[in-house]
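Trainee: Pasted the sequence and its predicted model underneath.
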Amino acid sequence: SSAASDVYKRQIYIYMCYYMYSSLQGECFNMVVAFFGHKDTPSVVKPLLEQTVQRLIEENEEITFLVGTHGAFDLMAQSVLKQALQKYPHITCHIVLSYIPVDKDSEQYALPTLVPEGIESVPKRFAISFSNNYMVNESDTVVCYITHDWGGAAQFVEKANKKGRVIINLAEANLSQRTY
């Protein structure tokens, strides 16, 4: 759609500005992408998520992806990133854990895990918010699937937006739904 094309052009411009700035500083810019979406995200979103991840990888030499562990969108993103890692071994992917694992079984997760510093002192009921805040603070770009403005995913995408992060809302591709 034309609106999606305009969003994409704006993202490219921002990426180019980052790249030019980091080149002037003599260092390479490592883009960090976080994922947020509704726990009931439909599986029809997966091909669009795959295309988005592939485009981000191909447009950024150094890229890191951060994804959570709760709900259909997170699991979908984990699956897409696992596939992408096989095709693009230079990318970095982390599952951001909200709880310190009791079982040290590394086979439990499809990707390397990361535990945000300080989470050990956070009450369990705030752990997911803590790890989501970590992802917002660490990211430059947020890929999301948000169809309504309530709930945890929408809350953290709004925080990312207020912090000036680039937001790629995959729900905007479906014009029959209300977009964020």
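Mentor: Received, thanks.

Trainee: any weak-confidence spans in this protein?
Mentor: Low-confidence segments of the chain, defined by pLDDT under 70, span residues 1-28, 103-108, 174-180.

Trainee: Mind jotting down where the helices sit in it?
Mentor: When secondary structure is read from DSSP state H, the chain shows helices at 2-24, 46-59, 71-87, 127-138, 152-162.

Trainee: got the contact list for Y109?
Mentor: Contact partners of Y109, counting by Cβ atoms under 8 Å, 6 or more residues apart in numbering, are 69, 78, 95. Using the backbone N, CA and C atoms, a C-beta is placed for each residue, glycine as well.

Trainee: Give me the distance between the first one and I146.
Mentor: Between T69 and I146 the computed distance is 18 Å (Cβ to Cβ, to the nearest Å).

Trainee: The last one too?
Mentor: Counting by Cβ to Cβ, the gap from I95 to I146 is 21 Å.

Trainee: who has more neighbours, those two?
Mentor: Comparing I95 with I146 by neighbour count (other Cβ atoms under 10 Å), the higher total belongs to I146, at 28 against 21.

Trainee: ok so, going back, the contacts of Y109 into TSV, with extra columns for distance to V33?
Mentor: Compiled in TSV, the contacts of Y109 are given as follows (distance: Cβ to Cβ, whole Å):
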residue	distance to V33
T69	17
Q78	13
I95	14
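
Trainee: Let me know the closest of those residues to G37.
Mentor: Q78 (11.7 Å; Cβ to Cβ).

Trainee: how many neighbours does the closest one have?
Mentor: By other Cβ under 10 Å, neighbour count at Q78 equals 20.

Trainee: just so I know, which of the helices of the chain lies nearest I100?
Mentor: In terms of Cβ to Cβ, the element of these nearest to I100 is helix 127-138, at 9.1 Å.

Trainee: list the buried ones in stretch 85-102?
Mentor: Buried residues in stretch 85-102, defined by neighbour count with 16 or more other Cβ atoms under 10 Å: 85, 91, 93-98.

Trainee: Just the residues you listed: which are in strands?
Mentor: Counting by DSSP state E, the part of these found in strands is 93-96.
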